[in-house]
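1. Kindly generate the corresponding structure for this input.
(2 chains)
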Amino acid sequence: GQNIDQPTEMTATEGAIVQINCTYQTSGFNGLFWYQQHAGEAPTFLSYNVLDGLEEKGRFSSFLSRSKGYSYLLLKELQMKDSASYLCALLDDYKLSFGAGTTVTVRA
Amino acid sequence: DSGVTQTPKHLITATGQRVTLRCSPRSGDLSVYWYQQSLDQGLQFLIQYYNGEERAKGNILERFSAQQFPDLHSELNLSSLELGDSALYFCASSSPSSDTQYFGPGTRLTVL
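-> As a prediction, this is how the structure comes out:
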């Protein structure tokens, strides 16, 4: 299995930065995704890392290190609407395997 | 709005019954994926179709089946329903040139 681990919950203040870590144990995968999911809604695509390194997309950045089995999602200039669950997922032969998700609460 | 549509939004039924969930992929996407999300199991991959053919299978129960039609819409059939089948069922689609999967709004199934 993929054994994908993420923290269960994180809390941060509006305007701050939060880093959500994701570790995994797998022998091989195509790439690593980050999705955002508000309660009861569909997961929405945030980022995709295939190669090691940092991918930046506006306020969101994602990093991957295959040798360390580690990724993180960085959320900058937090807004109240960023309160959601963030899912780390590995793509392996068309299948996405998801972590349990990290619930981020943004406080004023 | 991802462009993936799913019907119905909500479904309430009784144990032992059979239901059909429907999904239409984004225009141009050939792949359709089905996922189940329950509180205790998280988001789990069920099955994938590509241009009408089954391509990958996850831990899908034998009571569940799916198909993709020539117009590329897909249906997930759930039979002999049990209380534990209550969950959100998501469909996702992707294009032939991309790995990114875009999710539909989901169908919330409640089995009483």
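2. Residue A:7 and residue A:88: what is the separation?
-> Distance, residue A:7 to residue A:88, using CB to CB, to the nearest Å: 11 Å. Glycine gets a C-beta too; all of them are placed from N, C-alpha and C.
3. so what sits against both of those two?
-> residue A:20 (CB atoms under 8 Å, 6 or more residues apart in numbering or on different chains).
4. quick one, which of those two is more surrounded?
-> Between residue A:7 and residue A:88, counted using other CB atoms under 10 Å in any protein chain shown, the more crowded position is residue A:88 (27 against 15).
5. helix, strand or coil for the residue lying farthest from the centre of chain B?
-> The C-alpha centroid of chain B is most remote from residue B:97, which lies 21.7 Å away (CA atoms, centre = their mean). Secondary structure assignment for residue B:97 (DSSP: H, G, I helix; E, B strand; the rest coil): coil.
6. Show the model's pLDDT score for it.
-> What the model reports as pLDDT for residue B:97 is 92.
7. Quick check: phi and psi on it?
-> phi -100, psi 10 (degrees, to the nearest 10).
8. what ranges do the strands span in the chain?
-> Reading this off chain A. Under the criterion DSSP state E, chain A contains strands at A:9-13, A:18-23, A:31-37, A:44-49, A:53-57, A:60-65, A:70-75, A:84-92, A:95-98, A:102-107.
9. ah, no, chain B please
-> Here chain B has its strands, by DSSP E, at B:5-7, B:10-13, B:19-24, B:31-38, B:42-50, B:53-57, B:64-68, B:74-78, B:87-94, B:102-103, B:107-111.
10. Dump those strands to CSV, plus mean pLDDT and distance to chain A.
-> As requested, these are arranged in CSV below (pLDDT from 0 to 100; distance: least, CB to the nearest CB, whole Å):
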stretch, mean pLDDT, distance to chain A
strand B:5-7, 98, 9
strand B:10-13, 98, 11
strand B:19-24, 98, 12
strand B:31-38, 97, 7
strand B:42-50, 95, 4
strand B:53-57, 95, 5
strand B:64-68, 98, 14
strand B:74-78, 98, 14
strand B:87-94, 98, 6
strand B:102-103, 98, 4
strand B:107-111, 98, 8
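11. need those strands in JSON lines with mean neighbour count, can you?
-> JSON lines is the format used below for those (neighbours: other CB atoms under 10 Å in any protein chain shown):
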{"stretch": "strand B:5-7", "mean neighbour count": "16"}
{"stretch": "strand B:10-13", "mean neighbour count": "14"}
{"stretch": "strand B:19-24", "mean neighbour count": "19"}
{"stretch": "strand B:31-38", "mean neighbour count": "24"}
{"stretch": "strand B:42-50", "mean neighbour count": "21"}
{"stretch": "strand B:53-57", "mean neighbour count": "13"}
{"stretch": "strand B:64-68", "mean neighbour count": "18"}
{"stretch": "strand B:74-78", "mean neighbour count": "20"}
{"stretch": "strand B:87-94", "mean neighbour count": "24"}
{"stretch": "strand B:102-103", "mean neighbour count": "22"}
{"stretch": "strand B:107-111", "mean neighbour count": "18"}
